[in-house]
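Asker: Give me a 3D structure for the following:
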Amino acid sequence: MKVKASAPGKAIVTGEHAVVYGEPAIATAIGRRVCSTAWLRNDRVVRILSMDRELKTTVSIDTADLRGAAQCGDQLAPIALVVCRSLQELGETRGVEVHTSSNIPMAAGLGSSAAALVSATAAVMRLHSKRLERETVCRIAREGERLIHVNPSGIDDHISTYGGIIYYRPSEGFRQIVTGLQGLPLVIGNTGRSRPTGTLVESVRERLSEHPEDYEIIRNIGKQS
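Answerer: Numbers count the residues shown, from 1 in each chain. Okay, here's the model as predicted:
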């Protein structure tokens, strides 16, 4: 039996970068998704295949730590991690095959990695259980996000799991926003230049360290939320 699950990407409407420094942000799910298909194997192996990126990785279901693989450039290690965590959470001993496909631009700030983690987690959980608890999916997906971003805000995996529009401030947590804006087009320009989130966040951090007066810009960005 094959099971499919999909999860949306996201766009931060206001508060990009400022949220890293405790300011609020508003984010919304977008109409681009990652789809994951999962099915059981007859061994204790987890195999991940990215259809659109033509990448694959194979690990044991008992793998406890994939940080080394991620640091060595295995781009699918975070997905393998959440799949293993999902199986361990469920108490399952058989491995699974997970194939992913995406129409979210990568390294464009649109949450492609979180959507892949959420969809893979949801597919594996749904393969073994009719009941899908979003809180569990989000918690496991965040473990994969930590492999990628070390200290993620949680916005990406939250919006990818729950959808809709959210307000988030580190000191306050997440709040779903109900508006009359459903159906309003949101135009997102893609430059085609890949800019990994972690690299950009670190460059802003370095600039603020050199020019602390620029914190006022961060505070003003936060005020817009």
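Asker: now for whichever strand in the chain runs longest, which elements pack on it?
Answerer: As assigned by DSSP state E, the longest strand anywhere in the chain is strand 25-40. Other helices and strands packing on strand 25-40, by 3 or more Cβ pairs under 8 Å, 6 or more residues apart in numbering; DSSP states H and E, are strand 2-14, strand 96-102, helix 112-128, helix 155-162, strand 165-169. Glycine gets a C-beta too; all of them are placed from N, C-alpha and C.
Asker: CA atoms only for the last one - export them in PDB, please.
Answerer: Extracted as PDB, the C-alpha positions of strand 165-169 are listed here (Å, rounded to 0.1, in the frame of the first residue of the first chain):
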ATOM      1  CA  ILE A 165      -1.800  32.700   8.100                       C
ATOM      2  CA  ILE A 166       0.000  33.100  11.400                       C
ATOM      3  CA  TYR A 167       1.400  35.700  13.700                       C
ATOM      4  CA  TYR A 168       4.500  34.700  15.500                       C
ATOM      5  CA  ARG A 169       6.700  36.200  18.200                       C
END
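Asker: so what strands line up beside it?
Answerer: When pairing is defined by DSSP bridges, strand 165-169 lines up against strand 25-40 (antiparallel), strand 173-177 (antiparallel).
Asker: Give the buried residues for the longest strand of the chain.
Answerer: 25-30, 32-38, 40 (16 or more other Cβ atoms under 10 Å).
Asker: Going by distance to Y215, which of these wins?
Answerer: Closest to Y215 out of the buried residues of strand 25-40 is A25 (16.4 Å), distances taken as Cβ to Cβ.
Asker: Would you mind pulling the contact partners of stretch 179-195?
Answerer: Stretch 179-195 has contacts (Cβ atoms under 8 Å, 6 or more residues apart in numbering) with A11, V13, T28, I30, P105, M106, A107, A108, G109, L110, I165.
Asker: low-scoring stretches of this protein, by residue?
Answerer: Counting by pLDDT under 70, the ranges of the chain that qualify are 64-73, 150, 181-182, 196-198, 221-225.
Asker: Could you find the closest non-adjacent residue to the residue nearest to the spatial centre of it?
Answerer: The chain has A114 as the residue nearest its centroid, 1.1 Å off, counting by Cα atoms, centre = their mean. Using Cβ to Cβ, 6 or more residues apart in numbering and skipping the chain neighbours, the partner closest in space to A114 is D156 (3.4 Å).
Asker: N42 now?
Answerer: Among residues not flanking N42 along the chain, R94 sits closest, at 7.1 Å (Cβ to Cβ, 6+ apart).
Asker: Tell me if I'm right that that neighbour and V46 touch.
Answerer: No. With contacts counted by Cβ atoms under 8 Å, R94 stays clear of V46, the gap being 10.0 Å.
Asker: Comparing the two, which residue is more hemmed in?
Answerer: Counting neighbours by other Cβ atoms under 10 Å for R94 and for V46 shows that V46 has the greater number, 25 against 13.
Asker: In CSV, could you pull the C-alpha coordinates for the strand or helix carrying that one?
Answerer: Here V46 sits within strand 45-50, counting by DSSP states H and E. Presented in CSV, the C-alpha positions along strand 45-50 are these (Å, rounded to 0.1, in the frame of the first residue of the first chain):
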residue,chain,number,x,y,z
VAL,A,45,16.1,0.2,5.8
VAL,A,46,14.8,3.7,5.2
ARG,A,47,15.4,4.9,1.6
ILE,A,48,14.6,8.5,0.5
LEU,A,49,14.5,9.5,-3.1
SER,A,50,14.0,13.1,-4.3
